[in-house]
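1. Sequence isn't available, so here's the structure alone:
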């Protein structure tokens, strides 16, 4: 078991709010491209330079819309 220090507030308050069932995010939504860019950033990889080859073309994993979300890292 781990303990969480709630004296500074809930540590998950900064991320997102969900609907009544906890099924869908209703505020501060993050796209999957942003999630991939953030994970690659944590691994020390520049997501704008990472490509993969498919059908003779180079594609970006994060497409053109990925942004690193620093607010979910801290």
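-> Arrived safely. What you see is a predicted model, and the numbers here were worked out from it, not measured in a lab. Numbering: from 1, shown residues only.
2. for residue 54, phi and psi?
-> Main-chain dihedrals, residue 54, degrees, to the nearest 10: phi -140, psi 130.
3. Run through the helices of the chain in chain order.
-> 32-42 (DSSP state H).
4. which residue is nearest the middle of it?
-> residue 35 (2.6 Å; Cα atoms, centre = their mean).
5. nearest spatial neighbour of that residue, skipping sequence neighbours?
-> Nearest residue to residue 35 in three dimensions, chain neighbours excluded: residue 69, at 7.7 Å (Cβ to Cβ, 6 or more residues apart in numbering). Where you see a C-beta, it was placed from the backbone N, CA and C, and this is true even at glycine.
6. That neighbour reaches residue 38, doesn't it?
-> Yes. Using Cβ atoms under 8 Å, residue 69 makes contact with residue 38 at a distance of 5.0 Å.
7. Those two: which has the busier surroundings?
-> residue 38 (21 against 16; other Cβ atoms under 10 Å).
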